[in-house]
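Trainee: Predicted coordinates and the sequence they were generated for:
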Amino acid sequence: MQRQMTGYLLLLLFAAFTWWLVERSEPDEMRLAVPPHSADYFSTGYRKIEMNLQGKPENRLDAEKMTHYSDDDTTVLERPVMTFYKTDALAWLIKSETGLRSPDGKLLYLNGKVVIEQFEADGEQKLRVNTSNVRVKPAKKYAETDEWGEIITSSDWVSGTGMQIFFAEPVRLRLLSNVRSIYAAK
């Protein structure tokens, strides 16, 4: 038994000596340095679906490309599309040029031009919102922006600065200032 323990001890000492020797012999210039704010993984054709308790889709996030950064745990999205579902049908679609998901995943920043569309159960577009730089809270089915925006329906056009959108029933769109509208009676 003592002979076996001596063998293990010698093997352990040999491994430690080998590791020490490699560390001392490898020049620092040959070690790869990880640049700050570098991607640790990415995906093309990214899709993330969240389900409700009944196993039905609650929301979906698609992007042409997703890149995750380990230093600040953020996720950068190219051409993201956020989808909110109502029962089994598509209800809301939010598209933007770029996006950034917060480290905890509770906030999605949609940057650049943003288009928000609401659809009927048959797939027909009910209204369209044109704005920019939107903050989305997917779990709360809520979005907001401080920028100018316009709401377009088949009979109305409303614009203003600053907007809040509540996607859950009852749906509410609130313009915060400089509101102007045109109503066309049918």
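Mentor: Thanks, I have it.
Trainee: in the sheet, who's paired with the residue most central in space within the chain?
Mentor: Nearest to the mean C-alpha position of the chain, counting by CA atoms, centre = their mean, stands Arg101 at 3.8 Å. On the basis of DSSP bridges, Arg101 is bridged to Thr75, Leu108.
Trainee: ranges for the helices of this protein?
Mentor: Assigned by DSSP state H, the helices in the chain fall at 2-25.
Trainee: show me where it has strands.
Mentor: In the chain, the strands defined using DSSP state E lie at 39-51, 57-69, 74-78, 81-86, 89-101, 108-119, 125-137, 142-153, 156-166, 172-183.
Trainee: Leaving out sequence neighbours, find the closest residue to Trp129.
Mentor: Quick fix: residue 129 reads Val, not Trp. What sits nearest to Val129 in space, not counting adjacent residues and going by CB to CB, 6 or more residues apart in numbering, is Ile116, at 3.9 Å. The C-beta positions use only the backbone N, C-alpha and C, and glycine is treated the same way.
Trainee: quick revisit: in CSV: the strands of the chain, plus mean pLDDT.
Mentor: Written out in CSV, the entries for the strands of the chain read as follows (pLDDT from 0 to 100):
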stretch, mean pLDDT
strand 39-51, 90
strand 57-69, 92
strand 74-78, 93
strand 81-86, 90
strand 89-101, 88
strand 108-119, 93
strand 125-137, 92
strand 142-153, 93
strand 156-166, 93
strand 172-183, 88
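Trainee: Make CSV out of the ones you listed and add distance to Val22.
Mentor: CSV is the format used below for the strands of the chain (distance: least, CB to CB, whole Å):
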stretch, distance to Val22
strand 39-51, 25
strand 57-69, 30
strand 74-78, 35
strand 81-86, 49
strand 89-101, 40
strand 108-119, 45
strand 125-137, 49
strand 142-153, 54
strand 156-166, 58
strand 172-183, 63
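Trainee: Could you pull up the residues touching the residue nearest to Val129?
Mentor: Ile116 sits next to 92-95, 128-129, 131, 134, 143, 165 when contact means CB atoms under 8 Å, 6 or more residues apart in numbering.
Trainee: same question, Asn59
Mentor: 49-50, 82-85, 138, 141.
Trainee: Let's see the PyMOL selection covering just the buried ones among those residues.
Mentor: With 16 or more other CB atoms under 10 Å as the criterion, this PyMOL line picks the buried residues out of the contacts of Asn59:
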select buried, resi 82+83+84+85+138+141
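Trainee: Pull the most distant pair out of the contacts of Asn59.
Mentor: Longest distance between any two of the contacts of Asn59 is 15.3 Å, between Ile49 and Lys141; criterion CB to CB.
Trainee: if we can go back for a sec, just grab the bridge partners of the residue nearest to Val129 for me.
Mentor: Beta-bridge pairing for Ile116 (DSSP bridges): Ile94, Val129.
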